[in-house]
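Visitor: Below are the sequence and a predicted model for it; my questions follow.
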Amino acid sequence: MLSILDRYFLRELAQTVAATVVVLLVIVAGSAFAKVLQQVANGSFPASVMFQVLGLRTLDGLTNMMPLASFVGVLMGLGRMYRESEMHVLSSSGMGPGGLLRPVLILGAMLVAITALVSLWLGPWAVRTSDALVTEANRSVIAAGLDAGRFTELPGKGGIIFVDSISRDGSKLGRTFVATQSSSKDGTLHVKVVSAASGELYQESNGDGRFIAFKDGWQYDIPLGANNWRQMRYQRNDTSLSSVKGDEDDDPSHSKGSWTLFKSTDPGDRAEFAWRANAPPLTLVLLLLALPLARQSPREPKYGRLLLAVVAFYLYYTLLALGRAQIGKGHWHGEAPLWLLHALVLALAGWMLWQQYAPRRSVRSQAGMPA
């Protein structure tokens, strides 16, 4: 049964952590939105699935965001209580470290469970769903920006296309007209006009290129300023759309399931699994580290301890990232160094907390004088 004080701590800290998650989520979504817009402009995927991809990538970003949000949220919540002298009053009333540890550990258990769910299952699922959504959209000329009954600019090709009908799934075209412009080696501009009775969209086997196969039509090559026009009748004529450019930063291991990574012997897969598995303990250790770092007097600067905590988080996170890199390169064959780092930071947090609540010797006792 939770006491009134436990419920108060849980309510205040949970509200601060939730507010921090919302703020960081907006920041992560803004960064992801800029990256998604760049990929849409590069032709990696059509604009019609932009917001779905944005939501899924933001969900994947929660893996790295939850530990930081939990740390900053608890730090700011307890810091407010210290500045307003609430914690000092409670301490003078006999509340020891156990009165603070109990609600923080309860909150930490919930945050660790959420972080484990996101890092081990929800994040990889979001990445796989996003990739499948983009792949499916690239198979449709509707998603590529084409529409029946109007002239449309060819995606990434600088030409014009007109179709009178499109199938429901966007892969089949009716009567089609295409006009593109190009330059020959001697600098002469050429206009190529293609008409077809029907067409079909398809991709390369590796999914990198998109093409329209025109069937039963005519092709005209018209050099501007010259009379040597060329006319050709064809049964099939293929024209490329914008290539599907993958993200250079994409890691193949990032979209794999956690169980697949756990069974793999590839260094890259083991590094990815180590990163996912270390997100929950990272959240718990940071919560406990926030307890001593949040302590401050009413006269201290409001964000002084927060700056110190951010520096501590940066060092901690950088060391974990370096450990992940060592596993990915095959220099380390296990996660033991990462768990050792967690243990060292946890021991440091415990020592700092013990120092804060340790009984102080009076000045008379230190000087050897009778009290």
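Guide: Okay, I see it.

Visitor: pLDDT wise, what is the residue positioned nearest the centre of the chain at?
Guide: In the chain, the C-alpha closest to the average C-alpha coordinate belongs to Gly61, at a distance of 2.9 Å (C-alpha atoms, centre = their mean). Reading off the confidence values, Gly61 has pLDDT 86.

Visitor: same question, Lys329
Guide: pLDDT for Lys329: 86.

Visitor: Got the phi and psi for the closest residue to it other than its chain neighbours?
Guide: Using C-beta to C-beta, 6 or more residues apart in numbering and skipping residues adjacent in sequence, the residue nearest Lys329 is Pro267, 6.5 Å away. For every residue, glycine as well, the C-beta is placed using N, CA and C. Summarising the backbone geometry of Pro267 under the convention degrees, to the nearest 10, its torsions are phi -60, psi -40.

Visitor: Repeat that for Val194.
Guide: In this entry, Val194 is assigned phi and psi values of phi -130, psi 130 (degrees, to the nearest 10).

Visitor: With adjacent residues omitted, what lies nearest to it?
Guide: Val178 (4.3 Å).

Visitor: cool, and Gly108?
Guide: Distances taken as C-beta to C-beta, 6+ apart put Leu287 closest to Gly108, at 4.5 Å, once the chain neighbours are dropped.

Visitor: burial count for the one you found?
Guide: Counted with other C-beta atoms under 10 Å, the burial measure for Leu287 works out to 25 neighbours.

Visitor: Can you tell me how far it is from Asp186?
Guide: When distances are taken as C-beta to C-beta, to the nearest Å, Leu287 and Asp186 turn out to be 70 Å apart.

Visitor: Check which helix or strand Ala18 maps to.
Guide: With elements delineated by DSSP states H and E, Ala18 resides in helix 4-42, which encompasses its position.

Visitor: Show me what secondary structure element comes after that helix.
Guide: Using DSSP H and E, the helix or strand that directly follows helix 4-42 along the chain is helix 50-60.

Visitor: Centre of the chain to that next one, how far?
Guide: On the basis of C-alpha atoms, centre = their mean, to the nearest Å, helix 50-60 sits 8 Å off its chain's mean C-alpha point.

Visitor: Whatever helix or strand comes next after it vs helix 4-42, what angle?
Guide: Downstream of helix 50-60, the first helix or strand assigned by DSSP H and E is helix 62-83. With axes from the mean of the first three to the mean of the last three C-alpha atoms, to 10 degrees as the criterion, the two stretches helix 62-83 and helix 4-42 enclose an angle of 140 degrees.

Visitor: could you say what helices and strands helix 62-83 packs with?
Guide: helix 4-42, helix 86-92, helix 97-117, helix 267-293, helix 304-328 (3 or more C-beta pairs under 8 Å, 6 or more residues apart in numbering; DSSP states H and E).

Visitor: Could you tell me how far that helix lies from the centre of the chain?
Guide: 20 Å.

Visitor: Tell me how many other residues surround the closest residue in space to Val40 that isn't next to it in sequence.
Guide: Of all residues beyond its chain neighbours, the one nearest Val40 is Ala47 (5.1 Å), with distances taken as C-beta to C-beta, 6+ apart. When neighbours are counted by other C-beta under 10 Å, Ala47 registers 15.

Visitor: re earlier: lowest average confidence across the helices and strands packed on helix 62-83, which one?
Guide: The lowest average pLDDT among these, as it happens, falls on helix 86-92, at a mean of 73.

Visitor: Relative to Lys172, how far out is the residue nearest to Val345 when sequence neighbours are not counted?
Guide: Nearest non-adjacent residue to Val345, counting by C-beta to C-beta, 6+ apart: Val285, 5.3 Å away. Applying C-beta to C-beta, the value for Val285 to Lys172 is 56 Å.

Visitor: Quick check on these two: which one has the bigger neighbour count.
Guide: More neighbours surround Val285 than the other of Val285 and Lys172, with 24 against 15 (other C-beta under 10 Å).

Visitor: looking at it, the more buried one is touching Ala347, isn't it?
Guide: No: using C-beta atoms under 8 Å, Val285 is not in contact with Ala347; the gap is 10.0 Å.

Visitor: contacting residues for the residue nearest to Val345?
Guide: Residues near Val285 by C-beta atoms under 8 Å, 6 or more residues apart in numbering: 342, 345-346, 349.

Visitor: The residue nearest to Val40 contacts Gln39, doesn't it?
Guide: No: under the criterion of C-beta under 8 Å, Ala47 lies out of contact with Gln39, with a separation of 10.2 Å.

Visitor: mind giving me the domain split of the protein?
Guide: As assigned by automatic domain parsing, the chain contains the domains 4-137+251-358, 152-240.

Visitor: Let me know which of those is tucked in deepest.
Guide: Across the domains of the chain, the average number of neighbours (mean count of other C-beta atoms under 10 Å) peaks for domain 4-137+251-358, which reaches a mean of 17.

Visitor: From what I see, Leu2 and Arg11 are in contact.
Guide: No: contact status for Leu2 versus Arg11: not in contact, 10.6 Å apart, counting by C-beta under 8 Å.

Visitor: OK, contacts around the closest residue to Arg7 other than its chain neighbours?
Guide: Taking C-beta to C-beta, 6+ apart, and ignoring the residues beside it in sequence, Arg7 has Pro103 as its nearest neighbour in space, at 8.0 Å. The contact partners of Pro103, by C-beta under 8 Å, 6+ apart, come to 2, 5-7, 9-10, 13.

Visitor: from memory the residue nearest to Val194 sits against Thr152, does it?
Guide: No: taking C-beta under 8 Å as the contact criterion, Val178 and Thr152 are not neighbours in contact, 10.2 Å apart.

Visitor: Checking Gly334 next. Helix, strand or coil?
Guide: coil (DSSP: H, G, I helix; E, B strand; the rest coil).

Visitor: Tell me the confidence at it?
Guide: 79.

Visitor: So what's the gap between stretch 338-353 and the chain middle?
Guide: Computed by C-alpha atoms, centre = their mean, the separation of stretch 338-353 from the middle of its chain amounts to 28 Å.
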